[in-house]
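Undergrad: Provided below for reference: sequence and predicted model.
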Amino acid sequence: MKRTRIIDILARTDFGATVNVKGWVRTKRGSKAVSFVALNDGSTIKNVQIVIDSDKFDEEQIKLITTGACISVDGTLVESQGAGQAVEIQCQKLEILGTCDADYPMQKKGQSFEFMREHANMRLRTNTFGAVMRIRHNMAIAIHTYFHNHGYYYFHTPLITASDCEGAGNMFQVTTKNLYDLKKDKDGKIIYDDDFFGQQTSLTVSGQLEGELGATALGAIYTFGPTFRAENSNTPRHLAEFWMIEPEISFIDLNDLMEIEEDFIKFCVQWALDNCMDDLNFLNQFVDKGLIERLKSVVGIDFVRLPYTKGIEILQEAIKNGKKFEFPVEWGCDLASEHERYLVEEHFKKPVIMIDYPKEIKAFYMKINDDNKTVQGTDVLFPQIGEIIGGSVREENYDKLMSEIERRNIPMKDMWWYLETRKFGSCPHGGFGLGFERLILFVTGMQNIRDVIPFPRTPKSANF
């Protein structure tokens, strides 16, 4: 008999029909005469109840139905007599597909998120992580839907690169060389001429530079793929491997960019409200009781546009009035998450798009304003998260871009291909980057970024 997903079973009303379901046992309870099994197959946060009459089955077979076991059930769909579910299945045929030992780590009793990270291979079967992963899928679909419907082209940028987009140098190297016998020159520097690519290469920290090439040919593109940062950051907001969405759009200015950022993020949040409500209700009940209210508040208001200088003034005024921050606030500093969250959660009580940052704390490619002190950068700041989007209008003038590169002593010997976009038909353009996991953090209410990606990569941790 063909299997029916549990999400579809729960929506049916054709009582008396014979159905087949397969899944993993969440719980089993009952008496010698009858057993009630809560079965889940991952298609929904909800379980379907299987009613097993002990007289019809071998006692030893029923003993094998333990938490975590995988079973197949043929049975009759009936209207449920108990509270909590509309339908249940009267078991007619039972098959144990996979037994589960007593040391199964994801028993019904509550485990800490830290414990579950140690068993990331099994944590996906829990209600919480099932909900998070279904929402993660829906957010990916929302992203592709938004950009496709707005005329962007999905553009695949390389994961292996010889350029450092951010200029920070925190990159994982890619090599086929024997690390125990490296060939070096007289100055002790590694010679890469016998390496696979003939030069030093690394895993990408961003697809932006290549994305700009796509935008100057196709008009508007977006990337959506993994990126890598070799930062030794053990925080709830950092991963060494994460996913990034990076649209690049030709013929836009700063106001256009901010409108796109706001419209895009609202679309994603609304998609979650429209398509993930069962999972959101679960997370709202057990993880973050203000989650749904916060999601609805974001889509229903206009974001604040806030110049960096004004933001600093607001923060300094708050300090005068007794507000305490861990990190100091002065013009020219890179705002910490606590500063960003104060502006969003306490001062404005709505999302903020901060603009016109000091050029010294932003990347070389951002367009410098007429004051020669600030750049047309945009950071979208959200409650609970702080910065969720970072973007800018890009400098399209070749001479100005080269001047900034030289001033910062950025090694650009291998960047001729990027600079040519400013020589051959340059155009105004801009874009932004959204860390996918930070979006999932906001939409799920989870507190640690390691809990919104299936298998987190962090310092000293590359398990699973």
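TA: Alright, I've got the coordinates.
Undergrad: shaky segments in the stretch 151-300 of the chain?
TA: 164-169 (pLDDT under 70).
Undergrad: and the strands in it, which stretches?
TA: 153-154, 160-161, 173-174, 201-203, 220-228, 241-250 (DSSP state E, counting those that start in this stretch).
Undergrad: need the ones you listed in a markdown table (columns: distance to I292 and mean neighbour count).
TA: The C-beta positions use only the backbone N, C-alpha and C, and glycine is treated the same way. Below are the strands of the stretch 151-300 of the chain laid out as a markdown table (distance: least, C-beta to C-beta, whole Å; neighbours: other C-beta atoms under 10 Å):
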| stretch | distance to I292 | mean neighbour count |
| --- | --- | --- |
| strand 153-154 | 31 | 14 |
| strand 160-161 | 40 | 16 |
| strand 173-174 | 43 | 16 |
| strand 201-203 | 37 | 19 |
| strand 220-228 | 26 | 22 |
| strand 241-250 | 24 | 22 |
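Undergrad: could you dump those strands into a markdown table with distance to K28 added?
TA: Output for the strands of the stretch 151-300 of the chain, formatted as a markdown table (distance: least, C-beta to C-beta, whole Å):
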| stretch | distance to K28 |
| --- | --- |
| strand 153-154 | 45 |
| strand 160-161 | 49 |
| strand 173-174 | 49 |
| strand 201-203 | 46 |
| strand 220-228 | 40 |
| strand 241-250 | 38 |
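Undergrad: quick one: closest of those to W416.
TA: Closest of the strands of the stretch 151-300 of the chain to W416 is strand 160-161, at 14.4 Å (criterion: C-beta to C-beta).
Undergrad: so what's the gap between that closest one and the chain middle?
TA: Centroid separation for strand 160-161 versus its chain: 22 Å, with C-alpha atoms, centre = their mean, to the nearest Å.
Undergrad: one more: stretch 74-81?
TA: With C-alpha atoms, centre = their mean as the basis, the mean position of stretch 74-81 lies at 39 Å from the chain mean.
Undergrad: of all the strands of the stretch 151-300 of the chain, which one comes closest to W331?
TA: Using C-beta to C-beta, the nearest of these to W331 is strand 241-250, at 29.0 Å.
Undergrad: packing partners for the closest one?
TA: helix 208-218, strand 220-228, helix 254-275, strand 429-435, helix 436-444 (3 or more C-beta pairs under 8 Å, 6 or more residues apart in numbering; DSSP states H and E).
Undergrad: what angle do the fourth one and helix 254-275 make?
TA: With axes from the mean of the first three to the mean of the last three C-alpha atoms, to 10 degrees applied, the angle from strand 429-435 to helix 254-275 works out at 40 degrees.
Undergrad: adjust the sequence numbering to begin at 172 for everything that follows.
TA: Yes, from this point I'll number from 172; that puts the last item at strand 600-606.
Undergrad: now strand 600-606 - C-alpha only, CSV.
TA: The C-alpha atoms that make up strand 600-606 are tabulated as CSV, following Å, rounded to 0.1, in the frame of the first residue of the first chain:
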residue,chain,number,x,y,z
HIS,A,600,24.7,49.7,-8.6
GLY,A,601,24.3,48.3,-5.1
GLY,A,602,23.4,45.3,-3.1
PHE,A,603,23.3,43.7,0.3
GLY,A,604,24.1,40.5,2.2
LEU,A,605,21.7,38.6,4.4
GLY,A,606,23.1,35.9,6.7
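Undergrad: nearest spatial neighbour of the residue of the chain positioned farthest from its centre, chain-adjacent residues omitted?
TA: In terms of distance from the mean C-alpha position of the chain, D226 ranks first, at 49.1 Å (C-alpha atoms, centre = their mean). Leaving aside its sequence neighbours, D226 sits nearest to A204 (C-beta to C-beta, 6 or more residues apart in numbering; 7.5 Å).
Undergrad: does that neighbour really touch S225, like I thought?
TA: Yes: judged on C-beta atoms under 8 Å, A204 makes contact with S225 at a distance of 5.6 Å.
Undergrad: between these two, point out the one with more neighbours.
TA: S225 (14 against 8; other C-beta atoms under 10 Å).
Undergrad: wait, the more buried one sits on Q232?
TA: No: contact status for S225 versus Q232: not in contact, 10.3 Å apart, counting by C-beta under 8 Å.
Undergrad: picking up where we left off before, would you mind giving the helices and strands packed on strand 412-421 as a markdown table with distance to T406 added?
TA: Listed next are the helices and strands packed on strand 412-421 as a markdown table, based on distance: least, C-beta to C-beta, whole Å:
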| stretch | distance to T406 |
| --- | --- |
| helix 379-389 | 23 |
| strand 391-399 | 17 |
| helix 425-446 | 22 |
| strand 600-606 | 13 |
| helix 607-615 | 12 |
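Undergrad: tell me which of those sits nearest to I177.
TA: Set against I177 and scored by C-beta to C-beta, the helices and strands packed on strand 412-421 come closest in helix 425-446, at 17.6 Å.
Undergrad: check which helices and strands that closest one sits against.
TA: helix 298-320, strand 412-421, helix 462-470, strand 523-529, strand 545-553, strand 557-564, strand 600-606, helix 607-615.
Undergrad: quick check: buried residues in the longest one?
TA: Yep, that's helix 298-320 we're talking about. Neighbour-count burial for helix 298-320, with 16 or more other C-beta atoms under 10 Å as criterion, is recorded at 298-307, 309-311, 313-314, 317-318.
Undergrad: rewinding a little: I483 is nearest to which of the helices and strands packed on helix 425-446?
TA: strand 523-529 (9.7 Å).
Undergrad: which residues sit against the closest one?
TA: 425, 429, 432-433, 474-480, 482, 502-503, 506, 511, 514-515, 540, 544-552 (C-beta atoms under 8 Å, 6 or more residues apart in numbering).
Undergrad: can you say which of those are buried?
TA: 425, 429, 432-433, 474-477, 479, 482, 506, 511, 514-515, 540, 545-552.
Undergrad: where does the stretch 172-321 of the chain have low pLDDT?
TA: Applying pLDDT under 70 to the stretch 172-321 of the chain flags residues 279.
Undergrad: would you state the helices of it in chain order?
TA: Assignment of helices within the stretch 172-321 of the chain using DSSP state H, counting those that start in this stretch yields the ranges 177-180, 230-234, 284-289, 291-294, 298-320.
Undergrad: Serialize those to TSV and add fields for distance to P627.
TA: Formatted as TSV, the helices of the stretch 172-321 of the chain follow (distance: least, C-beta to C-beta, whole Å):
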stretch	distance to P627
helix 177-180	27
helix 230-234	37
helix 284-289	7
helix 291-294	7
helix 298-320	12
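Undergrad: to E266, which of those helices lies closest?
TA: helix 230-234 (9.0 Å).
Undergrad: pull out the buried positions in the closest one.
TA: Along helix 230-234, these residues count as buried under the neighbour rule (16+ other C-beta under 10 Å): I233.
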